[in-house]
Every structure is written in C-alpha cells, then in structure tokens.
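>>> this one's sequence-less:
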C-alpha cells in the first residue's frame with residue numbers, strides 16, 4: 001500500500017482518490033479552494049464513457065443524485081431548421097445515460113462520496129512547492145503545513161500549481177481560439193423537451209442548450225475572437241457579456257438569441273484553452289492527470305469524462321504494476337493517444353479547421369466508446385501490456 005498525495009479536489013483529483021482508495025492505497029486529498037463551490041457557474045455534460053468510468057469507481061449513485069439525464073440530440077442549422085434528431089449513446093441504461101450538471105454539483109457529489117469512504121480532504125491548502133526525492137515526495141502549503149507520501153498526483157486543473165512548481169513538467173496552456181459563454185435562462189423555448197440537448201450551428205457561433213426538469217434552460221455559446229484581456233469582459237457585468245454575445249447570435253434565425261436575451265444575470269465567459277501535444281506528464285514520484293496534463297478546448301465536451309477515465313486507468317496501473325515509475329509509464333501509454341486525439345479534434349473545431357459530423361458526434365459529451373475502451377476501464381480486467389492506448 002502506497003501513501004499517495006492528490007493535489008486538487010475537483011473532478012479529476014477526487015475521482016482519482018476514489019480509484020486509488022479502491023485499489024487499496026492510503027490517499028490524502030488537498031484542495032486550494034475553501035469549499036466545494038469552485039466553478040459552480042459553469043455546467044458540463046458527462047458522456048457515456050464518463051458514466052462508465054464512474055461505475056468502475058462505484059460512484060454512479062452519488063452523481064446521478066444530482067443533475068439530470070440527457071437522452072437525445074437535436075441539431076439545428078443557422079436558419080433554425082432541424083437537421084437531425086437521434087438518441088444519445090447509453091439512453092437505454094440509466095447508469096450510462098449522458099448527464100448534465102453544474103461543475104460545483106459534481107465536485108460536491110464526488111467529495112461527499114470520498115468523505116463517506118473515510119478519505120481526508122483538506123480545503124484551503126494552496127500548494128507552494130514540491131520536494132521530490134528518491135525516497136518520497138513532500139508537498140509544502142501556503143499555511144506552513146506539509147504532507148509527505150510515496151507519490152504525488154497533480155490534479156489541480158488548467159493552471160496547475162504542481163505543473164508550475166515541478167520544473168520538468170512546466171508546460172503552459174495556450175488559447176484555443178474561442179471565448180466560451182455559459183448561462184441559465186428561466187423558462188423554456190417552445191416545443192423543446194426535457195432530456196434533449198439541442199446544438200445550433202450558427203453562421204458565426206456554436207450554441208447549445210438543454211432544458212432542466214425544473215424548466216430552466218442551460219446554454220453555452222462558443223465564439224471566435226481574441227482571448228479575454230486581463231480585467232476585461234470576464235470581470236464585467238452579466239449585461240455586458242450578454243450584449244457582447246447577442247449581435248453574433250442575432251445574425252441567425254435560431255432560438256439562441258431569444259434564450260440569451262431572456263437571461264438576466266447568470267452569464268459567465270472564459271477562454272477556451274488547451275495543453276500543447278507531447279507535454280511531459282510525469283517525473284520522479286510526481287504525475288499530472290486531468291486538465292493539468294491534457295486540457296482541451298470544450299468543443300467536444302469531453303473534459304470531465306476524460307478526467308474520470310484517467311482516474312480508473314491510473315488506479316489500475318498502480319494496482320497492477322508495483323513499481324511507481326513503470327506504473328506511471330503504463331498509465332501514460334494507455335491514456336496519451338486518446339486524450340491527445342481529443343485535444344486535436346476539439347482544438348480543430350474551436351479554430352474552424354475541423355467540421356463536426358452531421359450526426360452531432362462533436363456535440364458536448366460525444367464520444368466513441370468502443371470495446372477496447374470498455375476493456376481498459378473494466379475494473380476486474382488488467383490493463384493490457386504493450387497497448388498503444390484507445391481513441
């Protein structure tokens with residue numbers, strides 16, 4: 001049994017803690033944010049592959065207690081005409097259905113499950129340095145505290161402190177070409193059913209929305225442009241953000257403009273960002289996972305699902321390969337092809353160099369779940385030796 005420090009109590013970190021605990025390790029979880037509400041303004045979609053990974057972590061019930069399921073996909077063109085409507089993968093299985101929920105809700109559900117299993121989670125512990133030695137690794141925090149373990153997992157997101165503090169891992173994310181808006185509008189568009197996600201291919205934007213069981217419309221928009229200036233639109237009012245977005249949406253005859261116009265004050269905007277391909281993930285006793293290692297533009301909506309897959313594969317690698325260095329290499333061998341394919345496809349969509357398929361396969365949460373991935377995630381199945389990974 002190894003003592004494993006996990007830095008980051010978000011989706012990737014808490015899921016990794018659940019997997020490592022299930023594999024028999026002693027896990028300590030540290031989160032810089034003072035509570036579970038980090039990024040609660042944004043919502044996300046867990047796809048079938050993410051839900052499958054949750055099942056391997058025995059965390060399905062914890063997550064399906066929040067959010068709501070999505071069972072079908074609609075695609076509209078820039079004139080508002082429905083191009084296609086189709087069931088989403090997993091619609092027949094309650095445990096595998098796509099699920100829409102706020103990021104903060106998912107964080108809280110996973111953290112509650114970790115606490116239920118007896119894992120310690122320390123909030124408000126901001127990492128300031130990492131001391132990686134041949135016989136162990138020590139994390140130093142801003143409050144003067146320290147923690148020592150056999151391994152350290154950096155799961156602290158796009159702006160990872162672990163990545164900044166470990167020189168051999170210090171790659172930087174880059175702008176992926178789009179601003180991404182998220183919002184919530186009271187009321188529902190006409191003739192839209194709960195359980196469907198509608199994607200709108202606008203002439204100068206990509207827009208998506210779904211209606212919650214309480215009648216609230218969750219929506220996002222991706223718009224090409226320069227990155228947000230420091231102290232700029234991201235820090236102004238919701239009205240400013242709405243007025244920035246509406247002229248782009250109003251160029252098309254779709255429901256998007258009316259949905260955003262009716263949104264009062266719950267609008268946020270962020271830059272789409274991604275990690276460069278081929279950046280290092282591990283050195284010594286330290287490994288990066290989730291967005292800290294392989295953040296992608298949100299165009300494919302796979303960030304959270306990929307993080308949940310990471311958690312399962314990492315736990316299996318450390319369970320099946322006693323030597324940590326070899327285990328980290330095996331983990332990377334299995335994960336890098338898949339996550340870097342996602343970075344490439346998602347970045348291509350954001351920059352306009354890749355056109356999503358007409359079946360909506362690049363909708364948020366869309367993923368090809370094949371037999372190889374199912375075997376890779378299956379808890380009782382050892383990771384294949386010498387595999388090239390799964391796309």
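Happy to help now that I have it. Since we're looking at a predicted model, the values are computed, not measured.

>>> going forward, measure contacts and count neighbours with C-alpha atoms only.
Noted.

>>> residue 167: neighbour count?
Counted by other CA atoms under 10 Å, the residues lying close to residue 167 total 10.

>>> before we move on, what about the one 3 residues further on?
Residue 170 is flanked by 16 other residues according to other CA under 10 Å.

>>> could I get the full set of helices for this protein?
Shown for the chain, the helices assigned by DSSP state H span residues 11-22, 48-56, 60-64, 103-116, 161-165, 238-249, 256-261, 291-294, 303-320, 324-351, 371-377.

>>> same list, those, but as TSV with distance to residue 197, mean neighbour count and mean pLDDT please.
As requested, the helices of the chain are arranged in TSV below (distance: least, CA to CA, whole Å; neighbours: other CA atoms under 10 Å; pLDDT from 0 to 100):
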stretch	distance to residue 197	mean neighbour count	mean pLDDT
helix 11-22	23	28	98
helix 48-56	14	25	97
helix 60-64	18	18	97
helix 103-116	17	21	95
helix 161-165	35	21	97
helix 238-249	18	17	92
helix 256-261	13	20	95
helix 291-294	25	28	98
helix 303-320	17	25	97
helix 324-351	19	20	95
helix 371-377	25	17	92
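
>>> adding distance to residue 181, write these out as JSON lines.
Converted to JSON lines, these look like this (distance: least, CA to CA, whole Å):
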{"stretch": "helix 11-22", "distance to residue 181": "21"}
{"stretch": "helix 48-56", "distance to residue 181": "23"}
{"stretch": "helix 60-64", "distance to residue 181": "24"}
{"stretch": "helix 103-116", "distance to residue 181": "15"}
{"stretch": "helix 161-165", "distance to residue 181": "25"}
{"stretch": "helix 238-249", "distance to residue 181": "8"}
{"stretch": "helix 256-261", "distance to residue 181": "10"}
{"stretch": "helix 291-294", "distance to residue 181": "19"}
{"stretch": "helix 303-320", "distance to residue 181": "16"}
{"stretch": "helix 324-351", "distance to residue 181": "13"}
{"stretch": "helix 371-377", "distance to residue 181": "31"}
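
>>> so who does residue 293 touch?
With contacts taken as CA atoms under 8 Å, 6 or more residues apart in numbering, residue 293 has the following neighbours: 158, 275, 279, 280, 281.

>>> ok, which pair from those is furthest apart?
158 and 280 (14.3 Å; CA to CA).

>>> which of those two has more residues huddled nearby?
When residue 158 is set against residue 280 and neighbours are counted by other CA under 10 Å, the residue ahead is residue 158, at 20 against 17.

>>> looking at it, that one is touching residue 291, isn't it?
Yes. Contact status for residue 158 versus residue 291: in contact at 5.1 Å, counting by CA atoms under 8 Å.

>>> sorry, back to before: to residue 188, which of the helices of the chain lies closest?
Proximity of these to residue 188 was assessed by CA to CA; the nearest stretch is helix 256-261, lying at 8.2 Å.

>>> who touches the closest one?
Residues lying outside helix 256-261 but in contact with it, judged by CA under 8 Å, 6+ apart, are 183, 185, 189, 200, 207, 217, 242, 246, 249, 250.

>>> pull out the buried members of these.
Applying 16 or more other CA atoms under 10 Å to the contacts of helix 256-261, the neighbour count classes 183, 185, 189, 200, 207, 217, 242, 246, 249 as buried.

>>> and these as JSON lines, adding distance to residue 382?
As requested, the buried ones among the contacts of helix 256-261 are exported to JSON lines (distance: CA to CA, whole Å):
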{"residue": "183", "distance to residue 382": "42"}
{"residue": "185", "distance to residue 382": "46"}
{"residue": "189", "distance to residue 382": "47"}
{"residue": "200", "distance to residue 382": "41"}
{"residue": "207", "distance to residue 382": "40"}
{"residue": "217", "distance to residue 382": "42"}
{"residue": "242", "distance to residue 382": "50"}
{"residue": "246", "distance to residue 382": "51"}
{"residue": "249", "distance to residue 382": "49"}
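
>>> closest to residue 269 out of these?
With CA to CA as the yardstick, the closest approach to residue 269 among the buried ones among the contacts of helix 256-261 comes from residue 183, at 8.9 Å.

>>> tell me the contacts of the closest one?
Counting by CA under 8 Å, 6+ apart, residue 183 makes contact with 41, 42, 218, 219, 220, 260, 263, 266, 267, 268.

>>> low-confidence bits of the stretch 51-200 of the chain, can you list those?
190-192 (pLDDT under 70).

>>> show me where it has strands.
According to DSSP state E, counting those that start in this stretch, the stretch 51-200 of the chain carries its strands in the segments 68-70, 72-76, 82-87, 98-102, 120-123, 127-133, 136-141, 146-149, 151-154, 174-186, 196-201.

>>> show residues contacting the second one.
Outside of strand 72-76, the residues that reach it under the criterion CA under 8 Å, 6+ apart are 82-88, 91, 195-201, 254, 360.

>>> if we can go back for a sec, quick check: which of the helices of the chain is nearest to residue 71?
For the helices of the chain, distance to residue 71 was read as CA to CA. The smallest value, 10.6 Å, belongs to helix 48-56.

>>> what does that closest one rub up against?
Contact with helix 48-56 is made by 60, 89-90, 95-98, 304-306, 308-309, 312, 365, 367, 369, 377-379, as judged by CA under 8 Å, 6+ apart.

>>> got the contact list for the closest residue to residue 114 other than its chain neighbours?
In space, residue 114 comes closest to residue 18 once its chain neighbours are excluded; the distance is 6.2 Å by CA to CA, 6 or more residues apart in numbering. With contact set as CA under 8 Å, 6+ apart, residue 18 has these partners: 57, 114, 311.

>>> no further questions, thank you.
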